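Asker: Let me see the structure of the following:
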Amino acid sequence: MKSLFTKITLIFLITLILAIGLTRIGFLIDERTARRNSVVAEIAMATARDQTLVGPVLIVPYTRIVKTQKRSDKDDTKIIEVESRINDALFLLPTELDIQANLNTEQVSRSLYHAVVFGASIAIKGRFASAGELLRPASNEQIVFGEPRLIVGISDPRGILRAPALNWGDQRFDFQPGTAEERMPNGIQASVRGLDLRAPWSVEFAFALDLRGTQAFGLAPVGDTTHISVRGNWPHPSFYGQFLPETREVADSGFTATWSTTQLATNMALQLSAYLNGNRGGLDTVTGVRFVDPADSYVQSDRAIKYGLLFIGLTFAAFFLFEVLKRLAIHPFQYGLTGAALVLFYLLLLSLSEHLDFGIAYAIATAACASLLSYYLIYVLGSLGWGIGFGALIAAVFGILYVLISLEDHALLAGSATLFALLALAMVLTRKVDWYQLGEVFGSRRVKRLDHAPVGNETVED
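Answerer: All right, here's what the predicted structure looks like:
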């Protein structure tokens, strides 16, 4: 029993050492991922970052002149009139807003890495309206309106490809850079004229915007009623935000998605006013699409290595069961070499997947690892059939791993079912093993080592 305990202890120590190797490869995956993200950021800096549009918003500046009476400081019998001025602005949102965006994506590569860059052709139209006087002054007040401005917040204005123009009713105004708003300085603005802000009014507007960006495109549904339609040629969109698309179609040739929201659902008027006035950190109601890469080799390599220690343990368990059932001694050093080959599988997978499609890289790494172990185990186990069989078993284990990392939504279920099946198999195979007697067998050296037995020999007992 002492010899059996010693061997199990050595196998456990070998497993711990291999776990350290897996951890180091995990750190390498993180390092390469960080490098990839840095290159993507560099590409974005050279073109334009993620784009988010907020607007259009009509800003109406005004001055509130308040006249009050008070006693003179020099002569308290004298009443004087004091005038104070308060500058503020109203933020008006469109009554109706319709946004149509067509996105054309392409991959821009640098070294081993790439980023998804898109060009967006955006058509925006809608209507602003007021049912009456915007502000009602008190009896001692006078309100003087300034010139209204239409602003559109753009997170990275470097992506604006050409100067847009605003069609405002039957007038046309040019957009100018910036929004003149401290909390949302990036964007464009256009001064509008001809509004009678003291009476009911309604104006339709329209403009087009050609925009370039990287990785993601977002919109804020600022209208009382907002309809958004986005089309793109990227086959793997990831929709985000508080409102998912009302309808969506995703195919290999691209995607189409539509959103419809109302002010009752978004409460955008309060959100935007609080944001522009500095009373909140950011806008919560932004919806859009990210251009994800489902074959991201670093994500899949990270998923794979999470199962690394488990599969090393399963391989060692299979070795140990083989020793138990066939009375064949396998040296701990041979356990270690086999485990090292399994650890190097993940390093080989990582390096190959940077140059090849992940599926192809996985197949090559699996074939290399299974072939090497088959050749080695033929001599370790002293049998051509058992060596090839174990190599096929290891290839099957990595095949199961590939299925697990591919099933994002059902990975836990598939993994749990697989582990349960393997545990059940181990229990069935060892149900008649007398472990106390087995310890005596290991202690009395009745198990014969076949390290140098010729290929084809079966297990031989003393």
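Asker: Doesn't residue 119 lie inside a strand?
Answerer: Yes. The secondary structure assignment for residue 119 places it in a strand, going by DSSP: H, G, I helix; E, B strand; the rest coil.
Asker: before we move on, what SS does residue 182 have?
Answerer: Reducing the assignment to helix, strand or coil with three-state DSSP, the entry for residue 182 is coil.
Asker: Roughly how far does it sit from residue 57?
Answerer: Taken as Cβ to Cβ, to the nearest Å, the spacing of residue 182 relative to residue 57 amounts to 14 Å. (Each C-beta comes from the backbone N, C-alpha and C, glycine too.)
Asker: So for these two, which residue has more residues nearby?
Answerer: Neighbour count, other Cβ atoms under 10 Å: between residue 182 and residue 57, residue 57 has more, with 27 against 9.
Asker: ok, that one touching residue 97?
Answerer: No. When contacts are counted by Cβ atoms under 8 Å, residue 57 is not listed as touching residue 97 (10.6 Å).
Asker: Between the two, which contacts overlap?
Answerer: Residues within reach of residue 57 and of residue 97 at once, by Cβ atoms under 8 Å, 6 or more residues apart in numbering, are residue 222.
Asker: what distance separates the host helix or strand of residue 403 from the middle of the whole chain?
Answerer: Residue 403 belongs to helix 384-406 when assigned by DSSP states H and E. Averaging C-alpha positions (Cα atoms, centre = their mean, to the nearest Å) puts helix 384-406 31 Å from its chain's average.
Asker: Return the list of helices and strands in contact with that helix.
Answerer: Contacts defined by 3 or more Cβ pairs under 8 Å, 6 or more residues apart in numbering; DSSP states H and E place helix 384-406 against helix 297-305, helix 308-326, helix 358-380, helix 411-429.
Asker: Can you check what angle separates it from helix 297-305?
Answerer: Here the directions of helix 384-406 and helix 297-305 differ by 130 degrees (axes from the mean of the first three to the mean of the last three Cα atoms, to 10 degrees).
Asker: Helix 384-406 vs helix 358-380, what angle?
Answerer: An angle of 150 degrees separates the directions of helix 384-406 and helix 358-380 when computed by the same axes, to 10 degrees.
Asker: now helix 384-406: mean pLDDT?
Answerer: Mean pLDDT, helix 384-406: 78.
Asker: Let me know the pLDDT of the residue nearest the centre of the chain.
Answerer: Most central residue of the chain, judged by C-alpha distance to the mean C-alpha position with Cα atoms, centre = their mean, is residue 292 at 7.1 Å. Among the per-residue scores, residue 292 holds a pLDDT of 78.
Asker: Kindly report the same for residue 225.
Answerer: The predicted local confidence for residue 225 comes out at a pLDDT of 90.
Asker: ok, now residue 209?
Answerer: 91.
Asker: for residue 179, same thing?
Answerer: You'll see residue 179 listed with a pLDDT of 85.
Asker: Surely it and residue 187 touch.
Answerer: Yes. Counting by Cβ under 8 Å, residue 187 is a contact partner of residue 179 at 4.3 Å.
Asker: so what sits against both of the two?
Answerer: Residues touching both residue 179 and residue 187 by Cβ under 8 Å, 6+ apart: 151, 152, 153.
Asker: Just want the angle from the lengthiest helix in the chain to helix 308-326.
Answerer: Determined from DSSP state H, the single longest helix within the chain is helix 2-46. Put simply, helix 2-46 runs at 150 degrees to helix 308-326, going by the same axes, to 10 degrees.
Asker: Sheet partners, orientation included, of the following helix or strand past helix 2-46?
Answerer: Reading on from helix 2-46 to the C-terminus, the next helix or strand found by DSSP H and E is strand 51-71. With DSSP bridges as the test, strand 51-71 is paired with strand 79-92 (antiparallel), strand 141-145 (antiparallel), strand 149-154 (antiparallel), strand 216-220 (parallel).
Asker: Identify all contacting residues around the second one.
Answerer: When you say that, I think you mean strand 141-145. Surrounding strand 141-145, the residues in contact under the criterion Cβ under 8 Å, 6+ apart are 60, 61, 62, 63, 64, 65, 66, 67, 134, 135, 137, 197.
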